[in-house]
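>>> Okay, here's the prediction I keep looking at, along with the sequence it came from:
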Number of protein chains: 6
Amino acid sequence: MNATTRSRLAAVSTATVSTVLLKHGFRNLFLQGVRPLNPAAPRMVGPAYTLRTIPAREDLDRMEAFRDPAHPQRRGVEECPPGAVFVIDSRGDARAASAGGILVTRLHRRGVAGIVTDGGFRDSPEIAAMPFPAYHLRPSAPANLIHHHCVELEVPIACGGVPIFPGDIMVGDAEGVVVVPAGIAAAVADEAFEQTVFEDFVQARVDAGHTIRGLYPMTDPANGPLFEAWRREQGR
Amino acid sequence: MNATTRSRLAAVSTATVSTVLLKHGFRNLFLQGVRPLNPAAPRMVGPAYTLRTIPAREDLDRMEAFRDPAHPQRRGVEECPPGAVFVIDSRGDARAASAGGILVTRLHRRGVAGIVTDGGFRDSPEIAAMPFPAYHLRPSAPANLIHHHCVELEVPIACGGVPIFPGDIMVGDAEGVVVVPAGIAAAVADEAFEQTVFEDFVQARVDAGHTIRGLYPMTDPANGPLFEAWRREQGR
Amino acid sequence: MNATTRSRLAAVSTATVSTVLLKHGFRNLFLQGVRPLNPAAPRMVGPAYTLRTIPAREDLDRMEAFRDPAHPQRRGVEECPPGAVFVIDSRGDARAASAGGILVTRLHRRGVAGIVTDGGFRDSPEIAAMPFPAYHLRPSAPANLIHHHCVELEVPIACGGVPIFPGDIMVGDAEGVVVVPAGIAAAVADEAFEQTVFEDFVQARVDAGHTIRGLYPMTDPANGPLFEAWRREQGR
Amino acid sequence: MNATTRSRLAAVSTATVSTVLLKHGFRNLFLQGVRPLNPAAPRMVGPAYTLRTIPAREDLDRMEAFRDPAHPQRRGVEECPPGAVFVIDSRGDARAASAGGILVTRLHRRGVAGIVTDGGFRDSPEIAAMPFPAYHLRPSAPANLIHHHCVELEVPIACGGVPIFPGDIMVGDAEGVVVVPAGIAAAVADEAFEQTVFEDFVQARVDAGHTIRGLYPMTDPANGPLFEAWRREQGR
Amino acid sequence: MNATTRSRLAAVSTATVSTVLLKHGFRNLFLQGVRPLNPAAPRMVGPAYTLRTIPAREDLDRMEAFRDPAHPQRRGVEECPPGAVFVIDSRGDARAASAGGILVTRLHRRGVAGIVTDGGFRDSPEIAAMPFPAYHLRPSAPANLIHHHCVELEVPIACGGVPIFPGDIMVGDAEGVVVVPAGIAAAVADEAFEQTVFEDFVQARVDAGHTIRGLYPMTDPANGPLFEAWRREQGR
Amino acid sequence: MNATTRSRLAAVSTATVSTVLLKHGFRNLFLQGVRPLNPAAPRMVGPAYTLRTIPAREDLDRMEAFRDPAHPQRRGVEECPPGAVFVIDSRGDARAASAGGILVTRLHRRGVAGIVTDGGFRDSPEIAAMPFPAYHLRPSAPANLIHHHCVELEVPIACGGVPIFPGDIMVGDAEGVVVVPAGIAAAVADEAFEQTVFEDFVQARVDAGHTIRGLYPMTDPANGPLFEAWRREQGR
């Protein structure tokens, strides 16, 4: 992902990205039920770095497991590349935490771009106070190992009912998270950027009291020149 | 709905309206799971203007569908009467949006009293910032047509597990939304207004440290004169 | 529960308490799905005072039922000891309210330490504005008796999928609620207090940019003296 | 419950009983989701003998718990009166068994009239082969104590979303289970018996090719004499 | 639908029809969770005749409602054309019945081709014994009007999470029900018929111990002549 | 797994295995909600051979995908060792099939011991007629690729809410499926075999009218010699 793609994806909404993805034939790339802990956190853009879990097993998932430096969760927190998004497949299970405040702080300090789970975070009030994009289903105080066994890093996963491959681009705003397949990220960024210019024009017209008829979608050709004029005015 | 009914319903809570409806024999008129995007938005009161959907079908629900000026969602946004509430039967499915920021802005500009869905809205952060009552299950960025096929306007619908007939009075506060059958709206407004006076008295007594015994409900006749005195004092 | 136990439990998070409980062999004592109405309310600590419900029955659950001074909900609101937490088994059903603003105010005025239900509260906006810890699933305006029949006080109950015995210690913060079996409350308070000191040290180290490797858990013996030094510095 | 009431309830369907209960104002007395293991088992009629559970706790719910002769489940199996129905409130949780083949056999041998849970049974294939009415949500092999803590016998409970008081009459057929409040059991039995005669007449007419118009409900007075004639013929 | 289309659809499985529909771009036309009461009933094929419901309202949905000859459910049972399939949108709610044994018998006697609901049937044991295709979620004894208000006939509906338009072709077997858009019914019938011939060949080969490699899908050209030979042999 | 272990596991119930696993500290190894298509099929015992899926993506999951001989589902069907159990992680999603009749037939012909998914099978009536143990949530006609993307074979997976590692022993009967960690399979088989002898004795006693008091569990020492005598008699 080059800098233009990143900055464009950081300037468009997950709603607009979802519409562009639909035009590319993708109907299921918005993570269902996953919401921001801190809606005022910065926008999130970055390639997915994935962690896969299965249900816990009592003989394997004991406190001592975390003493192993190869434990995938702990290893991932130290190895997730700066600029990437740490994405955890928690199988939609928020009965125990996917991670907590210390690990999220570490990711933040390491320059990671955000964290996403379809489970829950513990220490959620502290995480919600951080200027760091974090997304989950709901708060969950119990320790990870009660319900989650961490299997491996950097494999394709499910999260929020959506397929995520390592390197796919995760985009998050105050609405939620959408994943953009790596191969079309630049195209989607460009189209979403354009679509945003158009929707800002539409929003401005509607704010000013105009009808959506013929405007959204733009079926009335009279709106074309108005759009072009507005765009020049705005310098976009 | 006359002005008194409207102003009275705007001055009472959905909890009190629900209690009055129960006294009229209605046990299921509070929309389950539907919550305000902006709890600080004005109170919502207005007759229901309904939109019915069924699951989408790939051959019918294509981007081009919105170019048709007769598309029920787009037509409804322009035709919903000022003062009415736009209510969408989304079959409890928030996987795709019921509407987004532009359409909601248009409704707001047109003087519509609010919007309600048992699905989700896209552009939810923008909608949450508007001084306009909007209610849904949860944010949902994907475009409407991925899961919803809009069928028709102004027919009886289900929303939040509740029956809603066009013209029924929708009442919303920061707690949620309750529907009042059109034929009893005036009576419910009056009774809820009276009930609110009484509950404000009770609340004042309890705030002052009094027991609820004999007060709530008022089984101790000694509380009658206290209530009357308080009411005169308050000029209500 | 002595004053030290209470003050220590008020100074630790539900996440830390959950971890300590896990070390004692308890995997299921965090109430699932139950969240604070007012995340800025004071921390909640107190012994459970329980109310048990079953589904309502039309002949028993009529408005008049509340006129009976022995009605368990109303009686409980007046008899719950100051400092205790009023906990309602609503069977995970938030379709009708477990309680409302007046009763919650009364509990607050009587010095009760908090209220918890695995149903919903009505008058939730008012309750959310009170400096009183209250926890539920979601707002629910309909009157209690539509779906709940109050059976009895002070028996073991289920709440949020968790077993709660009268006298167990309820601990709540902005994340949620965890229950501590009465017999181990003091031990859990002490261990959680210690664990919090350690986690605050870890958090400080991670905030300062250090790796979690060898630190969390502390497998690198070099961290021991650092911790002791930090602890002395902090006077903890 | 006298012998006539019992025999009449054994001769009518749960659907007909449900309709009669609705006429008495009861809308929620059919146990939701609870189904027979052996649809060919005899009909079930008998007063409810109840067992209440809450979620298990690791320190209380150990294998040794069953060695205590006062354990409510084991005690109930020996003390449930012949002719009664053993009803277990499993909180809708079928992740662990409510009971298994040995206990069900013991109840059967002791002359108990049936067993009902809103959880699951283990040894379900063996139970399904017994000429004994047993009802649950789905098979569940794990031992009871993994998720259920048995609290007490003979108190009001919830089962299948329905209120059940000890002594209420449980009626089961191949469709499911309905509970009849004890005080109206005789009246309901009589009305259901009459309603069944009428519905058998309607069924016979419809089998013979007649329209339901004017017949079901019987709004065409011409059907009255036909019904009377049929009834005499049938000797009912 | 002509006789060939009908007979071909009666000779193919819902699985094969689903695959052919996918090739036409339809991904969501199999009714989710809807199952046959009598798996041994005849196959079901016929155009949809629809009934739409919303949640019940206490003032409208009283026993007397059925005395009105215009009640949509009762009218539909008498007016559904022979050969059509009666399809009820019950909003996925099986807490009360969508219909019962008498109405289903009447439909059967009138030559209707089957009945489908995404709710439940009462008198389900009797319906399960009829040689008539009926599909639902699960048995449900309570009377229809407790939860369902019948609104209208012959409009587009949702059923089992699928869009159904009047006249669409309903196809049911022991696996479940799939709906074929009216306009492509003949094409789907033909393609499914062809696909069935091929899959029967594959099944025969696999039954005989052959690998699926190169056979399913047929990527090995050597299998082409084998298929042609088998087909001639079978006279298909 | 040696022949004794296999034959012992084939002679005990999943309920008994679950109890033995609990004694070993395992509380969550019975697959929730997964049921046999053919309850009369042979018992299932064999090591797990796993297939992992994530949600489908429209660009990857096209009909042509199956033409690739490396497609994990198709490859797995040909490579799953005879005697093993093919286990599919379908993420609890039965909206599209996990496999169908042809693939299941192929597995059966290849000597595989059974198939398990926490999704659904298509061609379920045909599979239900085979003398082959197959387990799923419910029938599902839509093609696999609509909702499932097959990722890889022979990795740890989740199925029915349970952790399954390749080589773990899957045991299935008419009640459902339980997984036994590979390392304790022999011990569990032996203990379950012993436990079964004891439970058969208890069942015989209870069948003969004896109380469970002192017998189950055996707290009355008088039962010891009775058990020993019975066991000798039975030659077990």
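Done, it's in. Since the model is a prediction, treat every value here as computed from it, not as a measurement.

>>> Mind naming the longest strand for chain A?
strand A:44-55 (DSSP state E).

>>> could I get that one in PDB with only the CA atoms?
This file holds the C-alpha atoms of strand A:44-55, laid out as PDB (Å, rounded to 0.1, in the frame of the first residue of the first chain):
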ATOM      1  CA  MET A  44      -7.500   3.300  11.100                       C
ATOM      2  CA  VAL A  45      -5.800   2.100   7.800                       C
ATOM      3  CA  GLY A  46      -3.300  -0.600   7.500                       C
ATOM      4  CA  PRO A  47      -2.600  -4.200   6.300                       C
ATOM      5  CA  ALA A  48      -4.000  -7.000   8.400                       C
ATOM      6  CA  TYR A  49      -1.700  -8.900  10.600                       C
ATOM      7  CA  THR A  50      -3.800 -11.900  11.800                       C
ATOM      8  CA  LEU A  51      -4.100 -14.100  14.900                       C
ATOM      9  CA  ARG A  52      -6.200 -17.200  14.800                       C
ATOM     10  CA  THR A  53      -7.900 -18.800  17.800                       C
ATOM     11  CA  ILE A  54     -10.000 -21.900  18.500                       C
ATOM     12  CA  PRO A  55     -11.900 -22.700  21.700                       C
END
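
>>> Report the mean confidence score over it.
Averaging pLDDT along strand A:44-55 gives 98.

>>> So which other helices or strands are in contact with it?
When contacts are defined as 3 or more Cβ pairs under 8 Å, 6 or more residues apart in numbering or on different chains; DSSP states H and E, strand A:44-55 packs onto helix A:3-9, helix A:72-79, strand A:85-89, strand A:148-153, strand A:157-159, strand A:169-172, strand F:157-159, strand F:162-164. Any C-beta I mention is one placed from the backbone N, CA and C, and that applies to glycine too.

>>> nearest spatial neighbour of A:His24, skipping sequence neighbours?
A:Ile184 (6.1 Å; Cβ to Cβ, 6 or more residues apart in numbering or on different chains).

>>> three-state assignment of the one you found?
Counting by DSSP: H, G, I helix; E, B strand; the rest coil, the backbone at A:Ile184 sits in helix.

>>> Redo the helices and strands packed on strand A:44-55 as a markdown table? Include distance to F:Arg57, mean neighbour count and mean pLDDT.
Output for the helices and strands packed on strand A:44-55, formatted as a markdown table (distance: least, Cβ to Cβ, whole Å; neighbours: other Cβ atoms under 10 Å in any protein chain shown; pLDDT from 0 to 100):
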| stretch | distance to F:Arg57 | mean neighbour count | mean pLDDT |
| --- | --- | --- | --- |
| helix A:3-9 | 19 | 17 | 97 |
| helix A:72-79 | 23 | 19 | 97 |
| strand A:85-89 | 15 | 29 | 98 |
| strand A:148-153 | 20 | 21 | 98 |
| strand A:157-159 | 11 | 27 | 98 |
| strand A:169-172 | 14 | 28 | 98 |
| strand F:157-159 | 19 | 27 | 98 |
| strand F:162-164 | 24 | 25 | 98 |
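
>>> Indicate which one of these is closest to chain D.
strand F:162-164 (10.7 Å; Cβ to the nearest Cβ).

>>> Give me the contact list for that closest one.
Contacts to strand F:162-164, defined as Cβ atoms under 8 Å, 6 or more residues apart in numbering or on different chains, come from residues A:54-57, A:149, F:28-32, F:48, F:50, F:87, F:89, F:156-158, F:170, F:179.

>>> Could you tell me which strands sit next to it in the sheet, and their orientation?
Strand F:162-164 pairs in its sheet with strand F:157-159 (antiparallel), by DSSP bridges.

>>> Report the distance from the strand it pairs with to the chain centre.
12 Å (Cα atoms, centre = their mean, to the nearest Å).

>>> contacting residues for the closest residue to chain E within chain A?
Chain A approaches chain E most closely through A:Arg27 (8.6 Å), counting by Cβ to the nearest Cβ. Applying Cβ under 8 Å, 6+ apart, we find A:Arg27 in contact with B:142, B:146, F:58.

>>> what pLDDT does the residue nearest to the first one when sequence neighbours are not counted get?
It refers to B:Pro142. Counting by Cβ to Cβ, 6+ apart, B:Pro142 lies nearest to B:Ala96, which is 4.2 Å off, once chain neighbours are set aside. Note on B:Ala96: pLDDT of 98.

>>> Stretch A:221-236 near chain B anywhere?
No - figure legend: stretch A:221-236 not in contact with chain B (Cβ under 8 Å from any Cβ of the partner chain); closest approach 12.7 Å.

>>> Report the buried residues of that stretch.
Under the neighbour-count criterion of 16 or more other Cβ atoms under 10 Å in any protein chain shown, stretch A:221-236 has A:223, A:227, A:230 buried.

>>> In helices, which of the residues you listed appear?
Mapping those onto helices (DSSP state H) picks out A:223, A:227, A:230.

>>> quick one: which of those is nearest B:Val104?
A:Asn223 (20.2 Å; Cβ to Cβ).

>>> what about the closest residue to that closest one other than its chain neighbours, distance to D:Pro139?
Nearest residue to A:Asn223, sequence neighbours excluded (Cβ to Cβ, 6+ apart): A:Leu215, at 5.4 Å. With distances taken as Cβ to Cβ, to the nearest Å, A:Leu215 is found 58 Å from D:Pro139.

>>> More neighbours: which of these two?
Shown here are A:Leu215 and D:Pro139; by other Cβ atoms under 10 Å in any protein chain shown, D:Pro139 has more neighbours (28 against 20).
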